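Engineer: Take a look and give me a structure for this.
(2 chains)
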Amino acid sequence: MIRIENVSKSFTLHNQGGAVIPVMAGATLAVAAGECVALTGVSGAGKSTLMRMIYGNYLAAGGRILIGDVDVVAAEPREIIELRRTTLGYVSQFLRVVPRVPALDVVAEPLLRVGTPADEARDRAAALLTRLRIPETLWQLSPLTFSGGEQQRVNIARGFAHAYPALLLDEPTASLDGANRETVLDLIDEAKARGAAIIGIFHDAAARDRVCDRVIDVSRFAVAAA
Amino acid sequence: MTPLLQVNGITKRYGARVGCADVSFDLWPGEVMGIVGESGSGKSTLLNCLAGHLDPDAGEVLFDTRAEGPKDTVTMAEPERRMLSRTDWAFVHQNPRDGLRMGVSAGGNVGERLMAVGARNYGEIRGNALDWLGRVEIAGDRVDDRPSAFSGGMQQRLQIARNLVTGPRLVFMDEPTGGLDVSVQARLLDLLRGLVRELGLSAIIVTHDLAVVRLLADRLMVMKSGHVVEQGLTDQVLDDPQHGYTQLLVSSVLQV
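Structural biologist: As a prediction, the model looks like this:
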């Protein structure tokens, strides 16, 4: 489902004398449907950089990133938008939403975007918020007023609302208590069972061991700082 | 599928000065594109050339018309272009006073667009106007008030209702949230996002507010001195800018 071939990345800092900083070269990996692969490596090794390139958020300098049959590196913006709408989900570490939109609508939005009827989308959003222990009294409030852990759970509910065939998870269990961590791991297991290909970053080793089938150390793709 | 709008080599000069130079892009149905850049970068000049308010010196703007497919709106006869701007196009001005008739009631402002495309039944026009005032969160009992009695945020929402009532396919917006305080801005952004999704609109939004484009636009074009220096997916351009000017722009935003 996800195939990454020989991907490289460098950053050019035009406002600092045009310094070019190569950070990654030769990144290659593949994730099949129903499989969960963990990216590991020390802080700064390029885990998030690689994940952002897969999502199209960072521009790869070279190589190919295939999600199904779309090459994210060469795709037009509208193809990536379509890919993100239907196929590729991403749970980032931080929630970014329009201010004053209720949590329930934030979670339901990905479903509305794929044409799910509004009632059905709300029911699914409500079910996810319940599972993730967000009290019903908060559903009509903007998640920007929530605590860090609550925001993270709204973000996860949003990421799992639509059954994306490919899913990227950036520290999904960070800042969660035991019970909620279990729920998130169950959601990941359920996504795998329905055939989702998942790439995740987990600092929590126990969580990683429980849901991941393989581990890829991205430090071997890192370019040594010159 | 054909692009809704194909822009090729649009150039506008003011004497020896460059307004915008050699701008080309395609806009697809349902896409929202943001144009950012500092004051004087040519973004409003470009928007006005695209919307038929300014005559470009070179280039073509092909709009996919309902009846005849793609037609160049630059060389189109004036009556035909005026018809487009009343039906398939909408233009939301930064200052609502430029887009509203201040001496006419709120309902009249919305109804006028309908009458311009041939609506004649008073009951239907009023019903339609009331429906649209509701959608932009203006209470029905204000329908007979003049916009001069409205707050800035309400005027802007009324301008949006007036523009969208004829079911346009392409909306041009020039700093739509520019003069509004932040709480009103947030509500307007949410409203615009909902309308764009529900109605499947395409839109081109000129702004200097990077937070606004991040929330509203799928794609982003960055202009400097009349030239497009970078374009791409909005979050990619903002999070991993490639051009020096974009890097400067993104790194200059104050964190709240």
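Engineer: B:Leu215 and B:Leu189 touch, don't they?
Structural biologist: Yes. Under the criterion of Cβ atoms under 8 Å, B:Leu215 makes contact with B:Leu189 at 5.6 Å. Where you see a C-beta, it was placed from the backbone N, CA and C, and this is true even at glycine.
Engineer: Now do the shared contacts for those two.
Structural biologist: Common neighbours of B:Leu215 and B:Leu189, using Cβ atoms under 8 Å, 6 or more residues apart in numbering or on different chains, are A:Val98.
Engineer: Thought B:Ala21 was touching B:Thr11, still the case?
Structural biologist: Yes. Between B:Thr11 and B:Ala21 a contact is recorded at 5.2 Å, counting by Cβ under 8 Å.
Engineer: So for those two, which residue has more residues nearby?
Structural biologist: B:Ala21 (20 against 17; other Cβ atoms under 10 Å in any protein chain shown).
Engineer: which stretch of helix or strand covers the more buried one?
Structural biologist: Per DSSP states H and E: B:Ala21 is located in strand B:17-27.
Engineer: in whatever helix or strand B:Ile160 lives in, what's buried?
Structural biologist: Using DSSP H and E, B:Ile160 falls within helix B:152-164. Buried residues in helix B:152-164, counted by 16 or more other Cβ atoms under 10 Å in any protein chain shown: B:Gly153, B:Met154, B:Gln155, B:Gln156, B:Arg157, B:Leu158, B:Gln159, B:Ile160, B:Ala161, B:Arg162, B:Asn163, B:Leu164.
Engineer: which residues does the nearest residue to the fifth one once chain neighbours are set aside contact?
Structural biologist: The reference is to B:Arg157. Among residues not flanking B:Arg157 along the chain, B:Val136 sits closest, at 4.0 Å (Cβ to Cβ, 6 or more residues apart in numbering or on different chains). Contact analysis of B:Val136 by Cβ under 8 Å, 6+ apart lists B:Arg157, B:Leu158, B:Ile160, B:Ala161, B:Leu191.
Engineer: among the residues you listed, which one has the lowest pLDDT?
Structural biologist: By pLDDT, B:Leu191 ranks lowest within the contacts of B:Val136, coming in at 80.
Engineer: Would you state the helices of chain A in chain order?
Structural biologist: A:47-55, A:77-86, A:103-113, A:118-131, A:148-161, A:178-193, A:205-211 (DSSP state H).
Engineer: hey, C-alpha coordinates of the second one in PDB?
Structural biologist: The C-alpha coordinates for helix A:77-86 follow below in PDB (Å, rounded to 0.1, in the frame of the first residue of the first chain):
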ATOM      1  CA  PRO A  77      -1.600  19.600  -5.300                       C
ATOM      2  CA  ARG A  78      -5.200  18.500  -6.200                       C
ATOM      3  CA  GLU A  79      -4.100  14.900  -6.400                       C
ATOM      4  CA  ILE A  80      -2.600  15.100  -2.900                       C
ATOM      5  CA  ILE A  81      -5.700  16.800  -1.600                       C
ATOM      6  CA  GLU A  82      -7.800  14.000  -3.100                       C
ATOM      7  CA  LEU A  83      -5.400  11.400  -1.700                       C
ATOM      8  CA  ARG A  84      -5.700  13.000   1.800                       C
ATOM      9  CA  ARG A  85      -9.500  13.100   1.500                       C
ATOM     10  CA  THR A  86     -10.000   9.500   0.600                       C
END
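Engineer: and that helix, what other elements does it pack with?
Structural biologist: On a contact count with 3 or more Cβ pairs under 8 Å, 6 or more residues apart in numbering or on different chains; DSSP states H and E, helix A:77-86 meets strand A:70-71, strand B:227-233.
Engineer: what comes up buried for that helix?
Structural biologist: Of the residues in helix A:77-86, those buried (16+ other Cβ under 10 Å) are A:Pro77, A:Arg78, A:Ile80, A:Ile81, A:Glu82, A:Leu83, A:Arg84, A:Thr86.
Engineer: now those in a markdown table, with pLDDT?
Structural biologist: Listed next are the buried residues of helix A:77-86 as a markdown table, based on pLDDT from 0 to 100:
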| residue | pLDDT |
| --- | --- |
| A:Pro77 | 92 |
| A:Arg78 | 91 |
| A:Ile80 | 95 |
| A:Ile81 | 93 |
| A:Glu82 | 93 |
| A:Leu83 | 96 |
| A:Arg84 | 95 |
| A:Thr86 | 95 |
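Engineer: ok, A:Ala75 - contacts?
Structural biologist: A:Gly56, A:Leu83.
Engineer: Would you mind measuring from it to A:Thr87?
Structural biologist: To A:Thr87, A:Ala75 is 12 Å away according to Cβ to Cβ, to the nearest Å.
Engineer: In space, what's closest to the residue in chain A that chain B sits nearest to - neighbours in sequence excluded?
Structural biologist: Using Cβ to the nearest Cβ, the single residue of chain A nearest to chain B is A:His14, 2.9 Å away. When the adjacent residues along the chain are set aside, A:His14 lies closest to B:Gly244, with 2.9 Å between them (Cβ to Cβ, 6+ apart).
Engineer: so that neighbour touches A:Asn15, yeah?
Structural biologist: Yes. Using Cβ under 8 Å, B:Gly244 is in contact with A:Asn15, at 6.1 Å.
Engineer: how close does B:Asp235 get to chain A?
Structural biologist: To chain A, B:Asp235 is 5 Å away according to Cβ to the nearest Cβ, to the nearest Å.
Engineer: you'd agree that residue is in a strand?
Structural biologist: No. According to DSSP: H, G, I helix; E, B strand; the rest coil, B:Asp235 belongs to no strand; its state is helix.
Engineer: the more surrounded of B:Gly244 and A:Asn15?
Structural biologist: Neighbours per residue (other Cβ under 10 Å) separate B:Gly244 from A:Asn15, with B:Gly244 holding more: 17 against 11.
Engineer: Identify the residues contacting that one.
Structural biologist: Counted by Cβ under 8 Å, 6+ apart, B:Gly244 has contacts A:His14, A:Asn15, A:Gly18.
Engineer: same check, this time on A:Val42
Structural biologist: A:Ser219.
Engineer: Now it: phi and psi?
Structural biologist: phi -70, psi 160 (degrees, to the nearest 10).
Engineer: again, but for B:Asp240
Structural biologist: phi -140, psi 60.
Engineer: That one reaches A:Leu59, doesn't it?
Structural biologist: Yes. Using Cβ under 8 Å, B:Asp240 is in contact with A:Leu59, at 5.4 Å.
Engineer: Many thanks, we can stop here.
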